[in-house]
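[1] Sequence first, predicted model second:
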Protein chains: 2
Amino acid sequence: MTHDGTATPRSSRGRRASRPTGDDRELDILATAAKLLQERALSEISIDDLARGAGISRPTFYFYFRSKDAVLLTLLDRVTEEISEAVTGEFERLREDPVRYWRECLVATHTTYGAHRSVLAAAVEAGRTSAEVRRWRSDMKEIWITRTTLAIEAERARGTAPPGPRARDLAIALNAMNDSVFYATLTGDEPAVPASDVVETLLHTWLTTIYQAARPASTA
Amino acid sequence: MTHDGTATPRSSRGRRASRPTGDDRELDILATAAKLLQERALSEISIDDLARGAGISRPTFYFYFRSKDAVLLTLLDRVTEEISEAVTGEFERLREDPVRYWRECLVATHTTYGAHRSVLAAAVEAGRTSAEVRRWRSDMKEIWITRTTLAIEAERARGTAPPGPRARDLAIALNAMNDSVFYATLTGDEPAVPASDVVETLLHTWLTTIYQAARPASTA
DNA sequence: GACATAATCAACAATGTGTTGAGTAAGTCG
DNA sequence: CGACTTACTCAACACATTGTTGATTATGTC
């Protein structure tokens, strides 16, 4: 599934093979979209705004992208790449120092959210009408949920966490909480947890939910 | 702040004083909106759809409501009324049987969500563009958060719950979790907690977050 | 029966989306 | 070099949706 407007794409998301100015135009559209999304919601940005911002006419926009959603999806692909880098490694720290591990997970999520909040907010908005965007969101959630599920099961297996509800269900609930809480805090729509407390508040909930105590059981 | 289209309303949300057929028309519009919202999103319903559904022309719609959002707000007012009834009383059960109290809170929220999911989903959608709808949502959240905060503080005061992060911050996070998780489960957009487990999963998170243990400390 | 006002809609203005069809400019091959 | 291809561009069109205006018809009231 590609997001461009032609049948013979060169790259996975890009336009068909082209002379250099074409790539520039495509990047201009993406840059314009990213810039405008920091000011207003996707629905308040017209295709004409994107076209003018990139110095082209509206029909020309359709040469590069199928729709406004396609632009967003290309922007989201960039986020995916960045996140999959941030997510690799550091899994062994769970055994050494669980509290630190979980805190770092939360900080990583928080940082990711903060860095891309305008694009992610647009994804939430567009998710109501675009199945593709919805799909992207659920894939993204699945990455974090799977990671969380494995970590909870690992902790239960080695005895630092007691048995409890299905690990995946807890993972879904905890990650959903992060989503909402970070979103509210970063966009500032009340009621929200103050930014200074948000990580520690969520950490408390994660730790008590997983370990059924304020801290993990000792392995000794 | 009223949601109708005139300057001299008779009731808080209604049209100006009128002959009886006018009230019927207004109710026809609301019924049409409620019906259509069960099939598709608010953005996919045009004002013409609402007008035709109520057997009137589009301009006539504007005689009764200022906008599509105004119709939604009137629908939301009904939800508010129903919820404020459901919320009263039963606060003393917290002392007698805390686990039961919290479970009943979750069940009440779940029930409310289930009964009004199409209208609430529309409120989420419209919240992105309408400040009034956003306001309604934050007021609604505030009701539950305040209630939760008071309950947590009461439990800490009598020693069944240990000190921890600010009660209000926990209340915000826990209620945000409920929102997201119930929403996903009821609309079925994966990844979601299965409906059969959703209350128990959330209850586990609430109890461990508040009591920092699988169950409240004994008062003995 | 004259008068206010509730209720209604045809027609208009404005904005946004997506398409068509005709063009220009740059490379490629004979 | 000249014919041909293909990337690229946009004026103009067809539609859909929103919100407004101004004229018109019912309804009750004094």
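    Now that the structure is in, tell me what you want to look at.
[2] if I pick A:Leu50, what's in contact with it?
    Residues near A:Leu50 by CB atoms under 8 Å, 6 or more residues apart in numbering or on different chains: A:Ile29, A:Thr32, A:Ala33, A:Leu36, A:Phe61, A:Lys68, A:Val71. No exception for glycine: its C-beta is placed from N, CA and C like everyone else's.
[3] A:Trp206 now?
    Contacts here follow CB under 8 Å, 6+ apart; on that basis A:Trp206 touches A:Trp102, A:Leu106, A:Leu174.
[4] repeat that with 7 Å
    A:Trp102, A:Leu174 (CB atoms under 7 Å, 6 or more residues apart in numbering or on different chains).
[5] The helix or strand bottoming out on mean pLDDT in chain A: which residues count as buried?
    Sorted by mean pLDDT, DSSP states H and E, the helices and strands of chain A end with helix A:20-37, the least confident at a mean of 86. Burial within helix A:20-37, assessed by neighbour count using 16 or more other CB atoms under 10 Å in any protein chain shown, is assigned to A:Arg25, A:Glu26, A:Asp28, A:Ile29, A:Leu30, A:Thr32, A:Ala33, A:Ala34, A:Leu36, A:Leu37.
[6] Distance to DNA strand C added to the residues you listed, as JSON lines?
    Formatted as JSON lines, those follow (distance: CB to the nearest atom of the strand, whole Å):
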{"residue": "A:Arg25", "distance to DNA strand C": "13"}
{"residue": "A:Glu26", "distance to DNA strand C": "17"}
{"residue": "A:Asp28", "distance to DNA strand C": "17"}
{"residue": "A:Ile29", "distance to DNA strand C": "13"}
{"residue": "A:Leu30", "distance to DNA strand C": "16"}
{"residue": "A:Thr32", "distance to DNA strand C": "13"}
{"residue": "A:Ala33", "distance to DNA strand C": "12"}
{"residue": "A:Ala34", "distance to DNA strand C": "17"}
{"residue": "A:Leu36", "distance to DNA strand C": "12"}
{"residue": "A:Leu37", "distance to DNA strand C": "14"}
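[7] for those, which one is nearest DNA strand D?
    Closest approach to DNA strand D among the buried residues of helix A:20-37 (CB to the nearest atom of the strand): A:Arg25, at 4.8 Å.
[8] wait, the closest one sits on A:Phe65?
    No - A:Arg25 is beyond contact range of A:Phe65, at 10.4 Å (criterion: CB atoms under 7 Å).
[9] what touches both of the two?
    By CB under 7 Å, 6+ apart, no residue touches both A:Arg25 and A:Phe65.
[10] List the buried residues of the longest helix seen in chain A.
    Longest helix of chain A, by residue count under DSSP state H: helix A:131-157. Residues A:132-134, A:136-138, A:140-141, A:144-145, A:148-149, A:151-152, A:154-156 are the ones in helix A:131-157 that count as buried (16+ other CB under 10 Å).
[11] Could you list the low-confidence segments of chain A?
    A:1-22, A:89, A:219-220 (pLDDT under 70).
[12] need the residues of it near chain B, please.
    Within reach of chain B by CB under 7 Å from any CB of the partner chain, chain A has these residues: A:41, A:43, A:125, A:128-129, A:134, A:138, A:141-142, A:145, A:164-166, A:169-170, A:172-173, A:176-177, A:179-181, A:184, A:189-193, A:197, A:200-202, A:204-205, A:208-209, A:212-214.
[13] give me phi/psi at A:Phe65?
    In terms of degrees, to the nearest 10, the main-chain angles of A:Phe65 are phi -140, psi 140.
[14] Just the CA trace of the helix or strand encompassing A:Asn175, in PDB.
    Secondary structure from DSSP states H and E places A:Asn175 in helix A:167-187. What follows is helix A:167-187, C-alpha atoms only, in PDB (Å, rounded to 0.1, in the frame of the first residue of the first chain):
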ATOM      1  CA  ALA A 167      -0.200  -9.800  30.900                       C
ATOM      2  CA  ARG A 168      -1.400  -8.600  27.500                       C
ATOM      3  CA  ASP A 169      -4.600  -7.000  29.000                       C
ATOM      4  CA  LEU A 170      -2.600  -5.100  31.500                       C
ATOM      5  CA  ALA A 171      -0.200  -4.000  28.800                       C
ATOM      6  CA  ILE A 172      -3.100  -2.700  26.700                       C
ATOM      7  CA  ALA A 173      -4.500  -0.800  29.600                       C
ATOM      8  CA  LEU A 174      -1.200   0.700  30.800                       C
ATOM      9  CA  ASN A 175      -0.200   1.800  27.300                       C
ATOM     10  CA  ALA A 176      -3.700   3.300  26.700                       C
ATOM     11  CA  MET A 177      -3.200   5.200  29.900                       C
ATOM     12  CA  ASN A 178       0.200   6.500  28.700                       C
ATOM     13  CA  ASP A 179      -1.300   7.600  25.400                       C
ATOM     14  CA  SER A 180      -4.100   9.600  26.900                       C
ATOM     15  CA  VAL A 181      -2.200  11.100  29.800                       C
ATOM     16  CA  PHE A 182       0.800  12.200  27.700                       C
ATOM     17  CA  TYR A 183      -1.500  13.600  25.100                       C
ATOM     18  CA  ALA A 184      -3.400  15.700  27.600                       C
ATOM     19  CA  THR A 185      -0.300  16.900  29.300                       C
ATOM     20  CA  LEU A 186       1.500  17.800  26.100                       C
ATOM     21  CA  THR A 187      -1.400  19.500  24.500                       C
END
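[15] ok now that helix, how far from the chain's centre?
    Distance of helix A:167-187 from its chain centroid, counting by CA atoms, centre = their mean, to the nearest Å, is 12 Å.
[16] ok, and what's touching that helix?
    Applying CB under 7 Å, 6+ apart, the set of residues contacting helix A:167-187 is A:109-110, A:113-114, A:117, A:121, A:141, A:144-145, A:148-149, A:152-153, A:192-193, A:195, A:198, A:202, A:205-206, A:209, B:172-173, B:176-177, B:179-181, B:184, B:191-193, B:197, B:201-202, B:205.
[17] Repeat the analysis, applying 6 Å as the threshold.
    A:109-110, A:113-114, A:117, A:144-145, A:148-149, A:152-153, A:192-193, A:195, A:198, A:206, A:209, B:173, B:176-177, B:180-181, B:191, B:193, B:197, B:201, B:205 (CB atoms under 6 Å, 6 or more residues apart in numbering or on different chains).
[18] Buried ones in that helix, by neighbour count?
    Under 16+ other CB under 10 Å, the buried positions of helix A:167-187 are A:167-186.
[19] The residues you listed also near DNA strand C: which ones?
    Counting by CB under 7 Å from any atom of the strand, nothing from these sits close to DNA strand C.
[20] related to what we said a few turns ago, out of the buried residues of helix A:20-37, which is nearest to chain B?
    Top of the list for closeness to chain B, among those and by CB to the nearest CB, is A:Leu37 at 12.8 Å.
[21] All set now, cheers.
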